[in-house]
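K.L.:
sequence-free structure coming up:
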């Protein structure tokens, strides 16, 4: 039949067949599951102490990821903080977590179990060190804490790591020069109110809800940590180079600051996983972290400071291949 057609007709039939092949190819590409598969499975995300920024951030991130990664089931687990979070991820007890850069550096420096497996997904927001006392307290500097009862954070927290270092930089030794009380942000404000603590350290995003609530119901203030203290802190060791001088804005805790800015130090938070994590999952996870910034930031203020331009800098951790793939996909 084809042979009986005129030459012009045969050309029209061949052209139509070619068009049909192209259309079928496009439909196949559109409908078939080519490219990166949709991540699926179950993961555990280790957060932080109840009422802390890590815990609140984790709850909201889980909600965002339910939309972005519908085939992935996410379980949140509370923790004492950065140090415990890193141990959980390194051991496989958790798949993702948040930890401060100084805690990561110390974990690597100590060559703790699984340190070589740790990888970064994103640099998030900065934590600010906050030293809280009652407004009428005589202490005006860190060195004035000598002989006092000081909340220093739980043993597995990043707060404990920083508190011990700040005390040392001020010439004080925990459990000798101060009574170090190892409790978290879920307990310290009430203990200060009841007179069971004279001061407490906290390291978190601004404002931290627990400190905000305390400042609104009790007369408290923040003790400054000046540049000289930060410089002394950097002399403690290699992993302390991640600290920088910073300022708590006057309106962070308006009732506690009397319109005054407070000098302090800050350290970056990192989103952490392991080298073995599925690249497609890490890519999707990282994408959701960045895309959810504004939605989460409207309820947890520090999340507003997650910045795509700096998120790629996860030092001292190597960037995970899946996260690198995401950043390349959005590179201008």
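P.N.:
Sure thing, it's come through. Predicted model, so just to flag it, every value in this text is computed and none were measured.
K.L.:
got the residue ranges for the helices in the protein?
P.N.:
7-31, 53-68, 82-91, 101-109, 158-169, 188-193, 209-217, 227-234, 254-257, 279-291, 293-297, 308-311, 321-329 (DSSP state H).
K.L.:
could you pull up the mean pLDDT of the second one?
P.N.:
So that's helix 53-68. For helix 53-68, the mean pLDDT works out to 93.
K.L.:
contacts for that helix, please.
P.N.:
With Cβ atoms under 8 Å, 6 or more residues apart in numbering as the test, helix 53-68 has contacts from 45, 47-49, 72, 74, 76, 78-79, 81, 85, 98, 127, 204-205, 208-209, 284-285, 287-289, 291-292, 295-296, 299-300, 302-303. (Glycine included, C-beta is placed from N, CA and C.)
K.L.:
which of the helices of the chain has the lowest mean pLDDT?
P.N.:
Across these, the lowest-scoring stretch is helix 7-31, with a mean of 54.
K.L.:
so what's residue 288 closest to, chain neighbours aside?
P.N.:
residue 68 (4.1 Å; Cβ to Cβ, 6 or more residues apart in numbering).
K.L.:
gap between the one you found and residue 290?
P.N.:
11 Å (Cβ to Cβ, to the nearest Å).
K.L.:
on that earlier part again, can you flag the buried ones in the contacts of helix 53-68?
P.N.:
Among the contacts of helix 53-68, those classed as buried by 16 or more other Cβ atoms under 10 Å are 45, 47-49, 72, 74, 78-79, 81, 85, 98, 127, 204-205, 208-209, 284-285, 287-289, 292, 296, 300, 302-303.
K.L.:
okay, and the beta partners of residue 262?
P.N.:
With DSSP bridges applied, residue 262 shows beta-bridge pairing to residue 248.
K.L.:
ok, now how distant is it from residue 297?
P.N.:
23 Å.
K.L.:
between the two, which one's more packed in?
P.N.:
With neighbours defined as other Cβ atoms under 10 Å, residue 262 and residue 297 compare such that residue 262 has more, 21 against 17.
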